[in-house]
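Q: below is the structure, and that's it, no one-letter string:
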């Protein structure tokens, strides 16, 4: 079980990186296709909120990979 | 005898905590439920600055200020105590809600009106971020170890009952201002919308009075007497690996999935009935009210069951069922709102492009023709379809009770007393405010991008809940911590 938890840790790190790229791409697409100020505010708020959460997912994956959750 | 006194004591604690928390949820939801009316009064679309403030009021209050409130008040709660902190959040929430009801409209004071409403909405978000963690911690720290899930589940009913109360007060006020229904709705849109905000102050005063009579949490008192309270709860919560890893686990393995299930069952369901099924304003709300009424006791059932079976099993079962059932349930909702193939009784022209149609079984709707397309709007369902929809929304709220009933006990048991308020509040409010609060936005974004599939919006809660289910299954423990005095 511990090995599975650790392998999945790599997956969470990769998922975090993929989500960050996806979020940037969607945000840029939405902000350039609808250049109104409220659309830009919306997506800037999303970036401010989600980037730390995604960083949290990467840290979670790193901890899982290092075996921090093996004995929970 | 001691047991009797202790039992009476815990009910006083639950009563005082729940009443205040329920009022805070009520205050927060009436703004959301009346968003369209408020927008017309304060945020006219013709003024770009006012429209921008409207966007900020919607997004900033839920996504930034709520988690920020969790940090600010969580820290205070771990430094000063639970009782004083959640008393402060109640005063802030009640005061700002009452004040929103008093702010003159854009036509009277111009730009100052939307600015004031935005500021008051931000105070609401901040206060809500601090309230829940305090109430849940306060009850859990009074509860006996083997019944922590049961006692904290009473706090868990408050978010749903707050929504119930807000829907009920709005519907009653909307129809009580004039004997003529249309005139009453017009009066409500003009000035009557202020009543639900102003009523809040009475409830808040009673709740503050009750809470002021309460004692501080015994665990916190003990901690303070021994001089072991945290000096810097934020640093201890998020700067130390041993605790940060549990905060991350609470967020990704429980709160994130719970948040999307909560918002899908109680907000997206109503929005789907109104905007996709085209059910009329009153029915789409009364369907939700019935479903909430029937499902609310299950918060207690699943909270109590989690004391026997463990928190993890119940919460993850709720998430798994949500993943499997959402699409069939929503497909059936669409089917229930379809116009039945029965004969017409009457067809009355409203104007040149629309007419109201009544069918033999009592089903009523408005048929509107525009650019060669005919659409059915403002459907008033007959009894069979109505109760079928109540059943389908009930299933969704039942799933909410599974994921939400045990989560307060789960979060409390995950963190030590000295930083519990701070540590549990942040994942809870990110899970609910950010992941849950985004459900209507992302679901609508998906539905408007991919117009062929009316159920496509459901992929957001399904994917988030699926992600959370896998993390929870792999990393969470089902063991109930017998000792939360650490």
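A: Sure thing, it's come through. Model, not experiment: these values are computed from the prediction. Numbers count the residues shown, from 1 in each chain, chains lettered A, B, ... in the order given.

Q: doesn't residue B:377 fall inside a strand?
A: Yes - Residue B:377: assigned to a strand according to DSSP: H, G, I helix; E, B strand; the rest coil.

Q: does the closest residue in space to it that isn't next to it in sequence lie in a helix or a strand, and which?
A: Excluding its sequence neighbours, the residue lying closest to residue B:377 (Cβ to Cβ, 6 or more residues apart in numbering or on different chains) is residue B:366, at 4.7 Å. The way it works is simple: take the backbone N, C-alpha and C, and place the C-beta from them, glycine included. Using DSSP states H and E, the element containing residue B:366 is strand B:364-370.

Q: compute the distance between the residue positioned nearest the centre of chain A and chain B, please.
A: Nearest to the mean C-alpha position of chain A, by Cα atoms, centre = their mean, lies residue A:54 at 2.6 Å. In this view, residue A:54 and chain B are 11 Å apart by Cβ to the nearest Cβ, to the nearest Å.

Q: and the strand holding residue B:366, what does it pack onto?
A: Strand B:364-370 sits against strand B:354-359, strand B:373-380, with contacts defined as 3 or more Cβ pairs under 8 Å, 6 or more residues apart in numbering or on different chains; DSSP states H and E.

Q: quick one: buried residues of that strand?
A: Applying a neighbour-count criterion of 16 or more other Cβ atoms under 10 Å in any protein chain shown, one finds B:364-368 buried in strand B:364-370.

Q: packing partners for the helix or strand of chain A with the lowest mean pLDDT?
A: When the helices and strands of chain A are scored by mean pLDDT, DSSP states H and E, helix A:37-65 comes last with a mean of 91. Packing contacts for helix A:37-65, counted by 3+ Cβ pairs under 8 Å, 6+ apart, involve helix A:2-33, helix B:48-60, helix B:241-250.

Q: name the residues of that helix that are buried.
A: A:38-43, A:45-46, A:49-50, A:53-54, A:56-65.

Q: likewise for stretch B:194-209?
A: Buried-residue list, stretch B:194-209, by 16+ other Cβ under 10 Å: B:194-197, B:199-201, B:203-204, B:207-208.

Q: do you know how far residue B:122 is from chain A?
A: Separation of residue B:122 from chain A (Cβ to the nearest Cβ): 13 Å.

Q: excluding chain neighbours, give the residue nearest to that residue in space.
A: Closest residue in space to residue B:122, ignoring its immediate chain neighbours: residue B:65 at 5.2 Å, by Cβ to Cβ, 6+ apart.

Q: over to the one you found. Which of the three states is it?
A: helix.

Q: on that earlier part again, now the angle from the least confident helix or strand of chain A to helix A:2-33?
A: Between the axes of helix A:37-65 and helix A:2-33, defined by axes from the mean of the first three to the mean of the last three Cα atoms, to 10 degrees, the angle is 170 degrees.

Q: by how many degrees do helix A:37-65 and helix B:241-250 diverge?
A: Using the same axes, to 10 degrees: helix A:37-65 against helix B:241-250 is 120 degrees.

Q: about what we covered before: residue A:70: which of the buried residues of strand B:364-370 is nearest?
A: residue B:365 (59.0 Å; Cβ to Cβ).

Q: so how many other residues sit close to residue B:481?
A: Neighbours of residue B:481 under the rule other Cβ atoms under 10 Å in any protein chain shown: 16.

Q: give the contact list for the closest residue to it other than its chain neighbours.
A: Excluding its sequence neighbours, the residue lying closest to residue B:481 (Cβ to Cβ, 6+ apart) is residue B:413, at 3.9 Å. Neighbouring residues of residue B:413 by Cβ atoms under 8 Å, 6 or more residues apart in numbering or on different chains: B:140, B:148, B:311, B:480-481, B:484.

Q: try residue B:19
A: Applying Cβ under 8 Å, 6+ apart, we find residue B:19 in contact with B:203, B:206-207, B:210.

Q: list the contacts for the residue nearest to the centre of chain A?
A: With Cβ under 8 Å, 6+ apart, residue A:54 has these contacts: A:16, A:19-20, A:23.

Q: where along the stretch 101-250 of chain B do the helices fall?
A: Remark: helices assigned in the stretch 101-250 of chain B by DSSP state H, counting those that start in this stretch are B:106-109, B:112-140, B:148-176, B:181-187, B:194-212, B:218-225, B:233-238, B:241-250.
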